[in-house]
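Trainee: Mind folding the following:
(2 chains)
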Number of protein chains: 2
Amino acid sequence: MDISRTHLIEDLNSSMEGQDVLFGGWVVDLRKLGKMAFLTVRDVTGMCQVIVKGDAMSLLEGLNRQSVVRILGKVQASKAKDFDFEVSAIELQVLAKAEYPLPIDPIGRLESDIDNRLNSRALDMRNQKTASIFKLRSQVLASIRETLIKRKFIEINTPKIIGSASEGGADLFSLDYFGKQAYLAQSPQLYKEQMTIGLERVFEISSFYRAEKSHTGRHLSEFTSVDIEAAMMDYTDVMDVLESIVVDVFKNTAENSKTEQQDIGHEIKIPDSPFERVSYTQALEELGNLDIKLEFGEDLQDSHLRSLGDKHPGFFFLTDWPMKLKPFYIHEKDDDPTLSRSFDLQYGYLELSSGGRRLHDPEQLKSRLKEQNLDPASFEEHLKTFGWGMPPHSGWGMGLDRLMTVLIGIDNVREVTLYPRDPDRLKP
Amino acid sequence: MDISRTHLIEDLNSSMEGQDVLFGGWVVDLRKLGKMAFLTVRDVTGMCQVIVKGDAMSLLEGLNRQSVVRILGKVQASKAKDFDFEVSAIELQVLAKAEYPLPIDPIGRLESDIDNRLNSRALDMRNQKTASIFKLRSQVLASIRETLIKRKFIEINTPKIIGSASEGGADLFSLDYFGKQAYLAQSPQLYKEQMTIGLERVFEISSFYRAEKSHTGRHLSEFTSVDIEAAMMDYTDVMDVLESIVVDVFKNTAENSKTEQQDIGHEIKIPDSPFERVSYTQALEELGNLDIKLEFGEDLQDSHLRSLGDKHPGFFFLTDWPMKLKPFYIHEKDDDPTLSRSFDLQYGYLELSSGGRRLHDPEQLKSRLKEQNLDPASFEEHLKTFGWGMPPHSGWGMGLDRLMTVLIGIDNVREVTLYPRDPDRLKP
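Mentor: Purely as a prediction, here's the structure:
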């Protein structure tokens, strides 16, 4: 059975009148009218109308929507108001029959809830809104890489199976690795820092793992993280890199995804830049003005971030956090060692990214580990690299799934993740 | 401490004479000559000579090579035969001191064996040969994505934590997932097939996992796989896609990585295309001519592939394997159902990729599972998607690490993997 095609549907147009074309797709609609039938056929690139007459009519007997067909036909003018051309079938071939009823309505006329759609995720890709989300996601990945490569970042692949609990050890999945205890990495933090010693500017976009029993629209057990680390950059420098990545993502998709935005029902608006920069200390003041009293050093809870988000509804950096709230590898500020050279990128209340300048002095790093009740011995492999001439460096990690929710204006990361994993979901 | 720079070393040149520049890097060489010193400083982009005089000389006291410095200086003509300009230091800053002795010689004058280099992988990135391998790897990733996106493939991220043993169940790492048994994926096979139903052409480049006790230069427990799957393409179509990816990788790197090839000591040669296509049946004949007798249906062992590789030393496709040697999802040939629409891409004896046309009919798929003594019930989530109108489709997976070894002419995947994982290696 030959399955090739000469055209994708987006390649067809009214100027091709009289031309023979061979294409395929799934049947979105099928209406019989006497001795002929009107088929609406879709592929990933578009939709067109097909007229079927004669012998081929028998193939349509009992054929359900969503079945896959291949059509050899002639392009002709159409009288239908939705189409400026149509294809008159010369030969029709049924490549795959769809059953009836289907578990969800892939046209999206009947809204299915996210759980039902995830249970039938493949079929959900026939919903143009869902397909458009994942086309956009692919564009976003390309845009991020383009911006980073332009700035001389080198793409790396770090190990996800690690031998020691790297960042404190909470919420790690563990596994048996040929008789040894191993873990799934939560981030490439230590490896990307190490790489700055010779490659200077590195990035990775990959899956990472967190065994956290969260049940929110913002957390997954397996998530895609964009990570960078750069030698001889301070935290403000990598904030600039992050800002340009985000602005480029919005610019590129706003311009190059008109159809996808239409399918999703959301217009992508390019954010103003530079993003506002609000220090932790300022944030405490702003919260104080709202009669929310926090002591210096207290972490900002979800409710506090929501109040701040109301005041700063778009992208903004929340900077200079107290040292005691930060991981062991974060660098203090020169003028006030209780504060850190760190930041989060927020979109309103939503944290998208966290980063900062890192300690590069091995002695400082060792005493910080002890201060945080971590055992320097379990970081031996990492610490030794700091004796080899480790440049000062900064970096960040950004949740790609969260960025996607912001881009398309929805509030559940499951919508932008093909097969999400959370404490309750391990399949399909 | 300010750590910014105005220039990378590659940005400096002799036409900038008299200009002040601020840059950084690690000290590759340091020679004192009376009241002045000659420093050779390298960053990820290049190398230059720095002249130090006066007060700054005291900073060089006891300073070991590989320490990181930052220099404000003036570009001037050089009398040195290796440099056509040099920088006269106005200010010198030591950013990080390297210890002495170091565990390996990062200049590469003393060859260290692969195990020692892997144990000190970060420092190994100061070896220009190693750094160039990973710069090339980043270029290769970009080239593969470019070719695929041009051909309308959509980048996807499939889950690596899976609930059931997807391809037979051998050699899987297992883990506890919130009280349930889960596994690390060996490939995105089932997910990428499912996605062809709506996204049609998809690709993924990601880490996958195999709990195999192999100790060769070709196997790792965690490896990077390039995977594609495409609706309405037959196995020969995806072979063409694979061929163009490989040829593009060689073309792009041959042209854009002169320095890297020099550092590695290997000239990248663009392979002839189209690649030769040798069927399994032809391969048996060729082996027969060498007095190696194999029955139809026997698998080709390493020694057989080496004999074939001697006859076909470059890239070639080994096609039309017996059905009984192939996984349950592979499609038979129309004219001979004992043969399959399948292929491997070989480079001499080395298998780089494996792929084929897939079964898309759910009934055929079910009976094939039973024939192979697999339980259709454990593939329920996958099988149900084939009732929704699954288009005919084909695809392949390629080991990126193996492709890299071919590109740069070495024979151990550990050389091209930052932090390799094998049964004996779980760190750093």
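Trainee: CA only for contacts and neighbour counts going forward, please
Mentor: Will do.
Trainee: Run through the stretch 1-150 of chain A and note the low-pLDDT ranges.
Mentor: Along the stretch 1-150 of chain A, no part satisfies pLDDT under 70.
Trainee: try 90
Mentor: By pLDDT under 90, the low-scoring segments of the stretch 1-150 of chain A are A:1-2, A:80-82, A:107-112.
Trainee: Which parts of chain A are helices?
Mentor: A:114-119, A:121-124, A:128-150, A:189-195, A:235-256, A:258-264, A:280-289, A:302-311, A:362-371, A:380-384, A:400-408 (DSSP state H).
Trainee: what residues go with each domain of chain A?
Mentor: Following automatic domain parsing, one finds the domains of chain A at A:9-96, A:123-416.
Trainee: Dump these to a markdown table, plus mean neighbour count.
Mentor: A markdown table is the format used below for these (neighbours: other Cα atoms under 10 Å in any protein chain shown):
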| stretch | mean neighbour count |
| --- | --- |
| domain A:9-96 | 18 |
| domain A:123-416 | 19 |
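Trainee: ok, now how distant is A:D43 from A:E86?
Mentor: The spacing between A:D43 and A:E86, counted by Cα to Cα, to the nearest Å, is 15 Å.
Trainee: Apologies, that question was intended for A:A77.
Mentor: 6 Å.
Trainee: Now do the shared contacts for the two.
Mentor: Counting by Cα atoms under 8 Å, 6 or more residues apart in numbering or on different chains, A:A77 and A:E86 have no shared contacts at all.
Trainee: Right, and chain B sits closest to which residue of the stretch 1-150 of chain A?
Mentor: Across the stretch 1-150 of chain A, the shortest distance to chain B (Cα to the nearest Cα) belongs to A:A98, at 4.2 Å.
Trainee: any idea how far A:D361 is from B:G356?
Mentor: Per Cα to Cα, A:D361 is found 52 Å from B:G356.
Trainee: Sorry, slip of the keys, the one I care about is A:Y100.
Mentor: 30 Å.
Trainee: related to what we said a few turns ago, how about the domains of chain A, which one is nearest B:M323?
Mentor: For the domains of chain A, proximity to B:M323 was assessed by Cα to Cα; domain A:9-96 is nearest, at 22.3 Å.
Trainee: and the closest one, does that touch chain B?
Mentor: Yes. Using Cα under 8 Å from any Cα of the partner chain, domain A:9-96 comes into contact with chain B via A:G24, A:W26, A:D43, A:V44, A:Q66, A:S67, A:V68, A:L95, A:A96.
Trainee: From the chain's centroid, how far away is that domain?
Mentor: 35 Å (Cα atoms, centre = their mean, to the nearest Å).
Trainee: Return the closest of the residues of domain A:9-96 next to chain B with respect to B:N256.
Mentor: A:V44 (34.1 Å).
Trainee: Look up how far B:F386 lies from the closest one.
Mentor: Taking Cα to Cα, one finds A:V44 at 18 Å from B:F386.
Trainee: do A:I154 as well
Mentor: Taking Cα to Cα as the measure, A:I154 falls 40 Å from B:F386.
Trainee: average model confidence for stretch A:242-258?
Mentor: The average pLDDT within stretch A:242-258 is 98.
Trainee: I'd say A:H382 and A:L190 touch.
Mentor: Yes. Here A:H382 lies in contact with A:L190, judged by Cα atoms under 8 Å, at a distance of 6.8 Å.
Trainee: residues contacting A:F343?
Mentor: For A:F343, the contacting residues are A:Y235, A:F317, A:L318, A:T319, A:D320, A:W321, A:S354, A:G355, A:G356, by Cα under 8 Å, 6+ apart.
Trainee: Give the bridge partners for the last one, please.
Mentor: I take that to be A:G356. A:S342, A:G395 (DSSP bridges).
Trainee: Surely it touches A:S394?
Mentor: Yes. Using Cα under 8 Å, A:G356 is in contact with A:S394, at 5.5 Å.
Trainee: joint contacts of those two?
Mentor: Shared contacts of A:G356 and A:S394, defined by Cα under 8 Å, 6+ apart, comprise A:D234, A:Y235, A:V238.
Trainee: one step back: now, among the contacts of A:F343, which is nearest to chain B?
Mentor: Proximity of the contacts of A:F343 to chain B (Cα to the nearest Cα) peaks at A:Y235, which lies at 10.7 Å.
Trainee: What's the per-residue pLDDT of the closest one here?
Mentor: 98.
Trainee: Tell me the confidence at A:G169?
Mentor: For A:G169, pLDDT reads 64.
Trainee: Quick one: end-to-end length of stretch A:3-15, please.
Mentor: End-to-end distance of stretch A:3-15 (Cα to Cα): 26 Å.
Trainee: what do you get for stretch A:4-16?
Mentor: 20 Å.
Trainee: got the contact list for the strand ranked longest in chain A?
Mentor: Looking across chain A with DSSP state E, the single longest strand is strand A:20-33. With contact meaning Cα under 8 Å, 6+ apart, strand A:20-33 is reached by A:4-9, A:37-43, A:64-75, A:107, B:232, B:389.
Trainee: Would you confirm that A:F153 contacts A:T196?
Mentor: No. Using Cα under 8 Å, A:F153 is not in contact with A:T196; the gap is 10.5 Å.
Trainee: Can you pull the residues that touch both of those two?
Mentor: A:V202.
Trainee: Chain B contacts on the stretch 301-428 of chain A?
Mentor: Counting by Cα under 8 Å from any Cα, the stretch 301-428 of chain A sits next to chain B at A:334, A:360-361, A:381-382, A:385, A:387-392, A:417-421, A:423, A:426-428.
Trainee: again, 10 Å this time
Mentor: Proximity of the stretch 301-428 of chain A to chain B, by Cα under 10 Å from any Cα of the partner chain, involves residues A:333-334, A:360-362, A:380-382, A:384-393, A:417-428.
Trainee: can I assume A:E295 is in contact with A:L287?
Mentor: No. At 11.0 Å, A:E295 and A:L287 do not qualify as touching, with contact defined as Cα atoms under 10 Å.
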